[in-house]
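Asks: Here is a sequence together with a model predicted from it:
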Amino acid sequence: MTSLSLIVALILLLTIALGLIRVLRGPTPTDRMLAAQLFGTTAVAILLLLGFATHSPVMTDVALVFALLTAVAAVTFVRRAEVDPMAPEQDVDDVPD
Amino acid sequence: MTGAQTLFDGLLVLLLVILAWVLLASKDLFRAIVLFISFGLLLALAWLRLKAPDIALAEAIIGAGITGALLLVGLGRLGSAVRCRPLPVRTTPLQRLSAPLLVGLLLPSIAAVVLVELFTLPIVASGQIKLVAAHLEHAGVDHPVTAVLLNFRGYDTFLEMGVLLLAVLSIWSLDRARHPFARDQIPAALLTLQRLLLPLLILVAGYILQRGAQGPGGAFQAGALLAAGIILAALCGHRLPPGHQGLLLRLALSCGFTTFLLAAAVTLARSGVPLLYPEHLAGSLILLIEIAATFSIAFLLAAAMAGGHPVPEAKPTAIDERKSA
């Protein structure tokens, strides 16, 4: 049973390796960001599987933290994309020179 | 079973090296940030495989959560990757030679010297584990890492709090805080996410903080989780009310450092040795310092994201008044 979860963890790590192609090739920022988000989900699964295989409950804590935090980076990306980065910085600099 | 483990570790190392290389070589800054987030994720896995769950937890929170958000906000302030690309400047032959010299000659020779030195060092496989284990019962906590960080080598952590405080002071001296996120038109999905995630982040921060006494966890990880909560609130358009930007904010930023300093002063006056806790009080003192440090770290990290000293919104600054006069 433990060896099965290790093999599944290995396969999940392989899917991360494949997902890296999307991060590297893009073409849009959204493609890259979403691939990284999927890595977060995959990492949670890998952590739970490894925790089960190696009998270390700490992995569950790390998985919990991952599950909570990967959303924050995604939200930052979405909110940043709303404020157009190519636009002149009128929202940033309200002091007229 | 060992075969799958070896394959897993091998693939992990390979991915880490490839990721490190392409993210450093990436000209597109946004791509580099996404690669850095992925790198942090895999690095946390690597720390776990190395049986260092404390570092894995910190790396998971800092690497995957905070740094990603911090870098994205930083990139937003830089503008697009195209605009901030440096203009080609005329360089002297010596300047052109300096980069290859540095990377091709100097760094490898330093690495070689370090490697040679490394081989001459005696192999201490167990490190200080025995020493820590022998004194653990006097530490006031059951987890050896927390015992080392908050008790045996408490002054290291004390000075680290000082470093964080100094970092924020430098950020404050450079610029004023800006609010890169619009306050109105918050998407409904984001509001729902905030409503669900914010209480969870605070709850888990508390859990991680109290967990530090028995296992991996503690002030830094808990503080970073709280900081993620503050960042999430900022993303949803919340701001620090003007009344809280003065003394209260400064107290929150410095309370970790000052609590440590007070503990050092009191123990110095009592026993002549700073940060030598009396045994029966050690556990409570460590918890007190950790709670203060958690708050400080949360606000320090969030202040780093704000990127400058606070500016009250309603009142015009002195410069504005001079300009309009």
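Replies: Sure, I can see it.

Asks: Quick check: closest non-adjacent residue to residue B:296.
Replies: Nearest non-adjacent residue to residue B:296, counting by CB to CB, 6 or more residues apart in numbering or on different chains: residue B:256, 3.0 Å away. All C-beta spots, glycine's among them, are computed from the backbone N, C-alpha and C.

Asks: May I ask which helix or strand encompasses the one you found?
Replies: helix B:247-271 (DSSP states H and E).

Asks: can you give me the helices in chain A?
Replies: A:2-25, A:29-54, A:58-82 (DSSP state H).

Asks: what comes up buried for the longest one?
Replies: Applying a neighbour-count criterion of 16 or more other CB atoms under 10 Å in any protein chain shown, the buried positions in helix A:29-54 are A:29, A:32-40, A:42-44, A:46-54.

Asks: Are there helices or strands packed against that helix, and which ones?
Replies: helix A:2-25, helix A:58-82, helix B:29-49 (3 or more CB pairs under 8 Å, 6 or more residues apart in numbering or on different chains; DSSP states H and E).

Asks: For the shortest one, output the C-alpha coordinates as PDB.
Replies: Yep, that's helix B:29-49 we're talking about. These are the backbone C-alpha positions of helix B:29-49, laid out as PDB (Å, rounded to 0.1, in the frame of the first residue of the first chain):
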ATOM      1  CA  LEU B  29      10.000  38.900 -15.400                       C
ATOM      2  CA  PHE B  30       6.500  37.500 -15.000                       C
ATOM      3  CA  ARG B  31       7.600  34.100 -16.200                       C
ATOM      4  CA  ALA B  32      10.500  34.200 -13.700                       C
ATOM      5  CA  ILE B  33       8.000  34.900 -10.900                       C
ATOM      6  CA  VAL B  34       5.800  32.000 -11.900                       C
ATOM      7  CA  LEU B  35       8.900  29.800 -12.100                       C
ATOM      8  CA  PHE B  36       9.900  31.000  -8.700                       C
ATOM      9  CA  ILE B  37       6.600  30.100  -7.200                       C
ATOM     10  CA  SER B  38       6.900  26.600  -8.700                       C
ATOM     11  CA  PHE B  39      10.500  26.400  -7.400                       C
ATOM     12  CA  GLY B  40       9.300  27.200  -3.900                       C
ATOM     13  CA  LEU B  41       6.700  24.500  -4.100                       C
ATOM     14  CA  LEU B  42       9.200  21.800  -5.200                       C
ATOM     15  CA  LEU B  43      11.800  23.100  -2.700                       C
ATOM     16  CA  ALA B  44       9.300  22.500   0.200                       C
ATOM     17  CA  LEU B  45       8.900  18.900  -1.100                       C
ATOM     18  CA  ALA B  46      12.700  18.600  -1.200                       C
ATOM     19  CA  TRP B  47      13.000  19.800   2.500                       C
ATOM     20  CA  LEU B  48      10.400  17.200   3.500                       C
ATOM     21  CA  ARG B  49      12.300  14.500   1.700                       C
END
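
Asks: Averaged pLDDT, it. What do you get?
Replies: Here helix B:29-49 scores 88 as its mean pLDDT.

Asks: when you scan it, is anything in it near chain A?
Replies: Yes. Using CB under 8 Å from any CB of the partner chain, helix B:29-49 comes into contact with chain A via B:30, B:31, B:34, B:35, B:37, B:38, B:41, B:42, B:44, B:45, B:48, B:49.

Asks: can you put those in CSV and add distance to residue B:61 and neighbour count?
Replies: Below are the residues of helix B:29-49 next to chain A laid out as CSV (distance: CB to CB, whole Å; neighbours: other CB atoms under 10 Å in any protein chain shown):
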residue, distance to residue B:61, neighbour count
B:30, 22, 21
B:31, 23, 19
B:34, 18, 30
B:35, 19, 25
B:37, 13, 29
B:38, 16, 28
B:41, 12, 26
B:42, 15, 26
B:44, 9, 26
B:45, 14, 27
B:48, 14, 24
B:49, 18, 16
